[in-house]
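[1] What follows is a predicted protein model with its sequence.
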Amino acid sequence: MSDGELRAAIIQDDASGQVLMLGWMDEEALALTRSTGEVHFYSRSRQRLWKKGESSGHIFHVHEIELDCDADAVLVKVHADGPACHDGSTSCFTPWLWRRILQRESTNDDASYVVRQLQSGVAANAQKVGEEATEVVVAAMGESDERVISEAADLWFHLLLLLRARGLDPAAIDQELRRRISD
């Protein structure tokens with residue numbers, strides 16, 4: 001790579017293997033990442049180097065750095081001190097529905113169903129999950145496939161709201177399931 005060229009930097013959680021984000025590194029960012037053990041990027045929008053977590057405190061601690069076969073991309077395996085994404089998600093590759101919930105929550109608009117549900121608290125959200133689960137069971141026992149799908153979608157959505165009300169990220173469920181597979 002020549003001076004000033006950028007390479008794609010894929011950031012991956014070392015423990016789970018989950019891709020957390022994609023950033024860009026020039027030679028200086030890569031050298032700083034290697035020497036400090038904390039991930040640095042080159043910001044194309046700000047036209048400067050920046051350390052992941054410099055404002056949020058959510059630093060990426062390097063476990064391993066691998067260049068691809070022609071050294072124009074880098075895989076950085078890390079331990080993250082917090083969410084990778086600016087929206088508070090564990091990964092910038094968060095499922096669209098979770099991202100939509102976070103976006104709606106950030107509006108703090110009382111006209112939003114998401115905002116009202118989250119403001120109602122954990123107990124109300126847990127009760128709603130119970131109601132939706134019952135509706136899935138009833139549909140599965142004797143209604144159409146379309147009805148099962150509709151009720152399952154409601155359950156899925158309300159389960160995500162419950163996780164958010166508890167301050168949990170759905171990535172934790174994925175990590176738990178991966179842990180169970182490896183046991």
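    Arrived safely, thanks for sending. Residues are numbered from 1 along each chain as shown.
[2] domains for this structure, by residue range?
    Listed by automatic domain parsing, the domain ranges of the chain are 7-80, 96-182.
[3] which of those domains sits most buried?
    domain 7-80 (a mean of 16; mean count of other C-beta atoms under 10 Å). Using the backbone N, CA and C atoms, a C-beta is placed for each residue, glycine as well.
[4] now that one: mean pLDDT?
    Regarding domain 7-80, the rounded mean pLDDT is 95.
[5] So for that domain, first residue to last residue, what's the gap.
    21 Å (C-alpha to C-alpha, to the nearest Å).
[6] could you list every residue that touches the residue lying farthest from the centre of the chain?
    In the chain, the residue that sits farthest from the middle, by C-alpha atoms, centre = their mean, is residue 142; the gap is 36.5 Å. Shown in contact with residue 142 (C-beta atoms under 8 Å, 6 or more residues apart in numbering): no residues.
[7] Residues contacting stretch 127-135, please?
    Taking C-beta under 8 Å, 6+ apart as the rule, stretch 127-135 contacts 117, 151, 154-155, 158-159, 161-162.
[8] what about the strands in this structure?
    7-13, 19-25, 40-43, 48-51, 60-67, 73-80 (DSSP state E).
[9] how about those in CSV, adding distance to residue 126?
    Shown next, in CSV, are the strands of the chain (distance: least, C-beta to C-beta, whole Å):
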stretch, distance to residue 126
strand 7-13, 29
strand 19-25, 29
strand 40-43, 40
strand 48-51, 39
strand 60-67, 34
strand 73-80, 28
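[10] Residue 25 and residue 54, how far apart?
    The spacing between residue 25 and residue 54, counted by C-beta to C-beta, to the nearest Å, is 15 Å.
[11] Need the nearest residue in space to residue 115, chain neighbours excluded.
    residue 109 (5.7 Å; C-beta to C-beta, 6 or more residues apart in numbering).
[12] cool, and residue 59?
    Residue 59 sits nearest to residue 53 (C-beta to C-beta, 6+ apart), 3.6 Å away.
[13] now do residue 80
    residue 60 (5.5 Å).
[14] got it, and residue 122?
    residue 165 (4.9 Å).
[15] okay, that neighbour: pLDDT?
    Residue-level pLDDT assigned to residue 165 equals 97.
[16] Over to the one 10 residues further on?
    Listed pLDDT for residue 175 reads 83.
[17] quick one: it from residue 81, how far?
    Distance from residue 175 to residue 81, by C-beta to C-beta: 16 Å.
[18] what's the answer for residue 159, then?
    For residue 159, the distance to residue 81 - C-beta to C-beta - is 27 Å.
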